[in-house]
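Asks: whatever this is, show me its structure:
(chains A and B, ligands or ions: 2)
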Amino acid sequence: MKDFATLFTRVDQTTKTTRKVSALADFFETAAPSDRLWCIALFSGRRPRRVITTSLLREWASERAGIPLWLFEESYPIVGDLAETISLVLPAGEPAEDKPLTFWIERLAELSRADEDTRKAGILEAWEGQDRTERLLFTKLLTGGFRVGVSQKLMTRALSQATGQEEALLTHKLMGSWTPETTTWERLIEAEDPSADLSRPYPFYLAYQLEEGDDLGPATDWFAERKWDGIRGQLILRGGEHHLWSRGEELMTDRFPEFARLIDYLPEGTVIDGEVLAFQDERPLPFNALQKRIGRKTVPKKLLIESPVVLMAYDLLEEAGRDVRDQPFADRRARLDALVAQAPAEAPVRLSPNVSAEDWESLAETRAESRDFNAEGLMLKRRDSPYLSGRKKGDWWKWKVDPLTIDAVMIYAQQGSGRRANLFTDFTFAVHDGDTLVPFTKAYSGLTDAEFRRITQWVRKNTVQRFGPVRQVTPTHVFEIAFEGIQESPRHKSGVALRFPRMARWRHDKPVAEANTLEDLKEMLRMYG
Amino acid sequence: MADVLTFTDRGIYCPAADIHIDPWRPVDRALITHGHADHARPGMGRYLCTEGSAPVMRHRLGEIDVETVRYGERVTIGGATFSFHPAGHVPGSAQIRVEVGGEVWVVSGDYKTVGDGLSEPFEPVRCHAFITECTFGLPVFTWTALPALRAQINDWWRANAAEGRACILGAYSLGKAQRLLHDLDPEIGPILTHGAVENTNAVLREQGLALPETIRVEPETRGKDHPGAMVIAPPSALGSAWARRFPNSSTGFASGWMALRGVRRRRAADRGFIVSDHADWPGLNAAIAETGAERIFVTHGYTSIFRRWLEEQGYDAKIVETDYEGESLDDAGDQEAA
Ligand SMILES: [Zn+2]
Ligand SMILES: [Zn+2]
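Replies: Ligands and ions are numbered 1, 2, ... in the order given. Sure thing, here's the model as predicted:
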């Protein structure tokens, strides 16, 4: 695994993409085909099946390190990564003979069939012979989550350099539900016909955020629709079957069984880009209705009735088995309109309404009404644009409504983890309720590094009490908390839960007495909940 | 028996001698462990420190009334006897031993137990009570051994120099910068220093420390006139306008925090070298064990966790709130504490 460790180190040790790409390309040229395939799999989130529970790993690692389990558990959130914590606490071992990446993956599969004592011995033996980087990588194979600063895009570019194939073609080849157990390097990368796989999705086109001052030219060049607050999904109807992909390239078909009916209502060879929304009485339900469905692989009947979903269709990528992504958006949309119009009302598909306007003032008014529709703002799509892949600036824009805000008092602070381990970054905020301060949300982001450093210094000097890692601080600082939505929550003391809370501003100008009240929060709940 | 030392809102206080150790508010008489900004502060009536710490303190604090002692020399003030012992943290740094009526307490200031080739090596001092920091008081912190560290830094420098790139290494100006200078192989190329580092170099050279030849970066200094250079600068200079004179360069940080991948990635440097002037986990534990102390006071760092660990090891451990700071990656210019 030394070559894989070297690749990891080279990628990890630079912030320059060209150097990352050349490290990857070197690996794709020199490693064994099965190691190359595993490398692609790991860097694109396809990890081997978890064979050992993380609680056992923690136990074994602390035992080997000679520390109590609680101390391991306290260290883990500070490091922020389980595999890294394990690699750091284990004492240095005796170097053993180098084995390829695939060997270790197969060794793990072998151990998964053994009894617990054998597994433990096998893992400890592996750790003993590895250096710190190898341990980190090997343990990551066990725990999953191979995020190493290599995007799919970078990896595809490196593969393109190493194989001479075009990036777009490779992107398509890498999508879908393959795993290294079900395919080979030859079949996945070198074979000719990628469309053989009927479930294979198209790469998603991603929109950019519209900023103040961006000039998009005449409003009439743009098609406008609501920005729905659901899950982006690509519905594929091919070969008499249906598949639903998430933007994260996850197959969600089984989570939303109602879409099976669309096979009867839409023609064969159709691929639609849209938003999966919990939807009832012709309007979207609040996001938490959909949230109930996201977490589960299979859906009980009760939930199907409580939180029914539709696909809010907004683009057509394949028509009658033909890739139409290079057609102008206006044409694709017209064809989509015609397709969806054929489907009856009971079919779980809707057309995302066209809210285009002649001028920007009218669009701004439409955008301002977004919350009434449980929408996050507007999407603007250039009428004559093709469907590109990835995030490319220019043709699709999201124009979000301004967030809701409230001024709150910081009352608890906790140290961050991982990249922010030496700073206080996790805060709890409160609003006034008579003489007391009622906590209502936590927030972690939104401040600059310099502000985090300042607040860290302050927290150290103004700790009133400690509860484990949490410090209660003297109520002194007021922050403007921005959030996207608010809903009732009996689980919280304040009775409300916020969606995407973050620190928008440090209100140095506001004394604690001027922070908002619980009554203000409840008023927001009445208006926007 | 009354405590030999107490903890007040001005600093660590010795009632028997009516003096403070490393106070953070102005007091009449202060004993100072070392010259870093969080330990040696301005505004004290009189200072007492080691011969090795005094020049840097004068450099940082200007006109001050300083008395110096040699390591191991005994000084009696009121009813207490004091002596200073090497802490291995930076050149001149000391642990302060306080004895009152046969009871011995040690204020360790900042310390590290592994040699850096430049600072006087840490010397364990037997005591009844030991006051220690624990910036790196977690089992995930183990420093790279000195030979491996030197190889890592010099290999990085050599590889970049071969491609005509400069290396900019971020390290705080007093202590870390000089020990790194000492670790460099001057055969590889020229060594340039940021003004804040070079000012401290001058003070230390003056007191007889052997440092390799360095070139001060002046306003008109251009990176291309010094191909393959190693540039040592305070962490805050990296990524600043100052660093733009070296457009073709690789960046690195030298800090104990570099043991955590996440921290290194937040700083967006190419390389992170795991090196600190504070004790790592094995160092803290070994140092505490060697004092033979039963009572331990932890001042700053992962105090709650470390205290619990010490309690389980059978010590009587307490947390005391102080104004000292651990190794920070974010200090600017000469304001740095460590
Ligand atoms: Zn220090
Ligand atoms: Zn310090």
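
Asks: near residue 67, how many other residues are there?
Replies: Defaulting to chain A. 18 (other Cβ atoms under 10 Å in any protein chain shown). All C-beta atoms are positioned from the backbone trio N, CA, C, and that covers glycine.

Asks: meant chain B actually
Replies: B:E67 has 12 nearby residues by other Cβ under 10 Å.

Asks: could you do B:P124 as well?
Replies: 17.

Asks: wait, it sits on B:A287?
Replies: Yes: if you go by Cβ atoms under 8 Å, B:P124 and B:A287 touch, sitting 6.6 Å apart.

Asks: any idea which element A:D35 lies in?
Replies: Secondary structure assigned from DSSP states H and E places A:D35 in helix A:33-43.

Asks: check which element follows that helix along the chain.
Replies: Using DSSP H and E, the next helix or strand after helix A:33-43 towards the C-terminus is helix A:54-65.

Asks: give me the buried positions along that following helix.
Replies: Applying a neighbour-count criterion of 16 or more other Cβ atoms under 10 Å in any protein chain shown, the buried positions in helix A:54-65 are A:54, A:57-58, A:60-62, A:64-65.

Asks: cool, and stretch A:446-457?
Replies: So for stretch A:446-457, counting by 16+ other Cβ under 10 Å, buried means A:446-447, A:452-453, A:455-457.

Asks: dump stretch B:16-32 to PDB, restricted to CA.
Replies: What follows is stretch B:16-32 as a C-alpha-only set of coordinates in PDB (Å, rounded to 0.1, in the frame of the first residue of the first chain):
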ATOM      1  CA  ALA B  16       5.900  33.900  51.900                       C
ATOM      2  CA  ALA B  17       8.000  36.100  49.600                       C
ATOM      3  CA  ASP B  18       5.300  38.500  48.400                       C
ATOM      4  CA  ILE B  19       6.300  38.000  44.800                       C
ATOM      5  CA  HIS B  20       4.400  36.900  41.600                       C
ATOM      6  CA  ILE B  21       5.500  34.400  39.000                       C
ATOM      7  CA  ASP B  22       4.600  35.200  35.400                       C
ATOM      8  CA  PRO B  23       1.900  37.700  36.400                       C
ATOM      9  CA  TRP B  24      -0.500  39.100  33.800                       C
ATOM     10  CA  ARG B  25      -1.200  42.400  35.600                       C
ATOM     11  CA  PRO B  26       1.300  44.900  37.000                       C
ATOM     12  CA  VAL B  27       2.800  43.900  40.300                       C
ATOM     13  CA  ASP B  28       5.800  45.100  42.300                       C
ATOM     14  CA  ARG B  29       8.100  42.100  41.900                       C
ATOM     15  CA  ALA B  30       7.800  39.400  39.200                       C
ATOM     16  CA  LEU B  31       9.800  36.200  38.700                       C
ATOM     17  CA  ILE B  32       9.700  35.300  35.000                       C
END
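
Asks: what mean pLDDT does it have?
Replies: Averaged across stretch B:16-32, pLDDT comes to 96.

Asks: kindly report the same for stretch A:210-230.
Replies: For stretch A:210-230, the mean pLDDT works out to 90.

Asks: please apply the same query to stretch A:38-51.
Replies: pLDDT averaged over stretch A:38-51 gives 82.

Asks: same thing with stretch A:254-270?
Replies: Mean pLDDT, stretch A:254-270: 91.

Asks: could you tell me the end-to-end distance of it?
Replies: Taking Cα to Cα, to the nearest Å, the first and last residues of stretch A:254-270 lie 19 Å apart.

Asks: hmm, who's touching that stretch?
Replies: Stretch A:254-270 is contacted by residues A:235-242, A:244, A:253, A:272, A:276, A:293-294, A:296-299, A:304, A:308-309, A:311, A:316, A:318-322, A:339-340, A:342-344, A:347-349 when judged by Cβ atoms under 8 Å, 6 or more residues apart in numbering or on different chains.
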